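1. can you look at this prediction? I've put the sequence above it.
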Amino acid sequence: MDLKPIGCDKTQGDDACEIAVNKDGTKVYLHVMSDKENMYEYSVENNTFVKKKYALDENNLYKGIINDSGSEANFTTSTGKENSYYIVNEYNNPLGELGYIRYDPDADYNLVFSLFVTDDLKNATYFNRSDIYDIVRAEINYDGKHYVCEDKKVLADIQTGYANAEKGYGMSACPFTYVMYLTREDGTVGMVIPAMDSCRACIMGDGWYEQNNSISMSIYDMIEKGLFQVQ
């Protein structure tokens, strides 16, 4: 859905779009903060999107949030054991790159989950090293573009780089922000998080990893060198 024509494409400022969900998750509300009269309601059940008079009943909204600093919101799961922080991956980036970080104060890595994904990627789960074999496609939303690699030689480098990565220790300073999707020959799609600078490092489902001895260059450098194509 293109949210720009209805003014719901901004994530900060007076015209930022507020998003709320009702308690049972059947309706999503979009509201431009500067508009005191109107809002939009999306019905998950009916797949309808309609403009309505602004009337949010706070008592019927999801109230998992326990604090809101303006740039991130902290909430607990139904078990009360897991904290998560909603983040915007740089405010100037498009909606396709928005995600939330599942923050675990007891771990040295954080998993990122994209908020907007296409149907072919929505069931993806995080890969571990043993899951990475027979890779036929790699893709990532970055810097406003959808980058795809299907080159066998490059994919072999990526596959080796992730399957043979070495466990990292302590906290890494590498920028782990964008999710990369890897598709295997059997159709299974999994997620990893490459460092989006020249660091050869990544996050997989069970931790962060060093790749200095397993991959020729970072995914960021591969993109910069044109080894991924824009689609």
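-> Looks like it came in fine.
2. so what strands line up beside the longest strand along the chain?
-> Secondary structure of the chain per DSSP state E: the longest strand is strand 135-142. Next to strand 135-142 in the sheet, as set by DSSP bridges, lie strand 145-149 (antiparallel), strand 180-184 (antiparallel).
3. His146 versus the residue lying closest to Asp206 once chain neighbours are set aside, what's the distance?
-> Nearest residue to Asp206 in three dimensions, chain neighbours excluded: Asn128, at 5.2 Å (C-beta to C-beta, 6 or more residues apart in numbering). (C-beta placed from N, C-alpha, C; glycine too.) From Asn128 over to His146 the distance is 25 Å, taken as C-beta to C-beta, to the nearest Å.
4. Gln211 too?
-> For Gln211, the distance to His146 equals 23 Å [C-beta to C-beta].
5. look up which helix or strand Gly170 falls in, please.
-> Under DSSP states H and E, no helix or strand contains Gly170.
6. and it, how many neighbours?
-> Residues near Gly170, counting by other C-beta atoms under 10 Å, number 7.
7. Cys199 now?
-> Burial of Cys199 is recorded as 19 neighbouring residues (other C-beta under 10 Å).
8. partners of the residue at minimal distance from the centre of the chain in the sheet?
-> Geometric centre of the chain, nearest residue: Ser114, 2.2 Å, by C-alpha atoms, centre = their mean. Applying DSSP bridges to Ser114 gives these bridge partners: Gly99.
9. report pLDDT for it.
-> Looking at Ser114, its pLDDT reads 83.
10. please apply the same query to Asp9.
-> On pLDDT, Asp9 comes in at 84.
11. how near is it to Asn141?
-> For Asp9 relative to Asn141 (C-beta to C-beta), the value is 16 Å.
12. OK, contacts around Gln159?
-> Applying C-beta atoms under 8 Å, 6 or more residues apart in numbering to Gln159 gives the contacts Ile132, Tyr133, Ile135.
13. follow-up on the earlier one: more neighbours, Asp9 and Asn141?
-> The residue with more neighbours, out of Asp9 and Asn141, is Asn141; 23 against 15, by other C-beta under 10 Å.
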